[in-house]
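Visitor: Need coordinates for the following:
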Amino acid sequence: MPEPTRRPPSGAATLRADKTAAICEAVLDELAEQGYGRLSMEAVAKRAGVGKSALYRRWPSKQRMVIAAVSEPSVALVEPPDTGSLRGDVLAGLHAVADWLTKPRFSRILPDLIAEARRDQELSQALARHIGEPRRARMAGVLDRAVERGELPPDLDRELALDLLGGLVYWRVSGRGAPLEPGYFERAADMALRAMDARPRPA
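Guide: Numbering: from 1, shown residues only. Below is the predicted model of the structure:
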């Protein structure tokens, strides 16, 4: 006997995807303009053209709302490259990090969130769980494929390698504010390959 179809309780609110997207855009705009510390649910609701209740139906707190708005585009921007070679994958990965860090809103949002996370352990853990770890997991797959192809040693320190790949661009862009001049990505990729003890792909 088939189970009866469950219906939402009478009066239950349906969360519209377009409204959620509009709210997330408002969150990103507010973060870029005001920073995490000064961001308020009231300001986000006003910018999105909704009531505060629309926010609280989706997220129980400011932190959860911010993490949701920032994590979705941040993780989507690191689609795992698969060029067929480790050098090609590393180059694509470096470009992806640069694209993320230099997007107009994110170039202002990310440094602010990282600074806030140093003072707020709960925020730090949430950023790591919803942004840092998923991004690292995608790039870890790139390294695993290279090991399987014989381009990297089996005993590769993956955590250190991931720090290296992300740090090469992060420190250049966010730490130093230096330009990514022509040839930088190629030089950075070649240095990373040497540091990881990469070898030519077996024929």
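
Visitor: Every contact and neighbour count from this point should use C-alpha atoms.
Guide: Fine.

Visitor: other SSEs contacting whatever helix or strand residue 192 lives in?
Guide: In the assignment (DSSP states H and E), residue 192 maps to helix 184-195. When contacts are defined as 3 or more CA pairs under 8 Å, 6 or more residues apart in numbering; DSSP states H and E, helix 184-195 packs onto helix 86-102, helix 158-170.

Visitor: Let me know the angle separating the longest one from helix 158-170.
Guide: Regarding helix 86-102 and helix 158-170, their directions subtend 50 degrees when assessed with axes from the mean of the first three to the mean of the last three CA atoms, to 10 degrees.

Visitor: domains of this protein?
Guide: The record's domain split for the chain, according to automatic domain parsing, is 17-61, 77-195.

Visitor: In CSV, list those domains along with mean pLDDT.
Guide: As requested, those are exported to CSV (pLDDT from 0 to 100):
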stretch, mean pLDDT
domain 17-61, 95
domain 77-195, 92
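
Visitor: Let me know which of those domains is the nearest to residue 70.
Guide: Checking the domains of the chain against residue 70 by CA to CA gives domain 17-61 as the closest, at 7.1 Å.

Visitor: Residue 86 - how many residues pack around it?
Guide: Neighbour count for residue 86, taken as other CA atoms under 10 Å: 26.

Visitor: next one: residue 122
Guide: When neighbours are counted by other CA under 10 Å, residue 122 registers 12.

Visitor: all helices of the chain, in order?
Guide: Shown for the chain, the helices assigned by DSSP state H span residues 17-34, 41-48, 52-56, 62-76, 86-102, 106-119, 121-127, 133-149, 158-170, 184-195.

Visitor: quick one on the thing from earlier: adding distance to residue 71, write the domains of the chain out as a markdown table.
Guide: Formatted as a markdown table, the domains of the chain follow (distance: least, CA to CA, whole Å):
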| stretch | distance to residue 71 |
| --- | --- |
| domain 17-61 | 10 |
| domain 77-195 | 5 |
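
Visitor: closest to residue 67 out of these?
Guide: domain 77-195 (6.9 Å).

Visitor: so how far is the closest one from its chain's centroid?
Guide: Computed by CA atoms, centre = their mean, to the nearest Å, the chain-centroid distance of domain 77-195 equals 10 Å.

Visitor: hmm, back to that, determine which stretch of the helices and strands packed on helix 184-195 is the most buried.
Guide: Neighbour counts (mean count of other CA atoms under 10 Å) averaged over each of the helices and strands packed on helix 184-195 peak at helix 86-102, with a mean of 20.

Visitor: Residues contacting that helix, please?
Guide: 74, 77-78, 80-83, 106-107, 110, 139, 142-143, 146, 151, 165-166, 169-170, 173-174, 185-186, 189-190, 193 (CA atoms under 8 Å, 6 or more residues apart in numbering).
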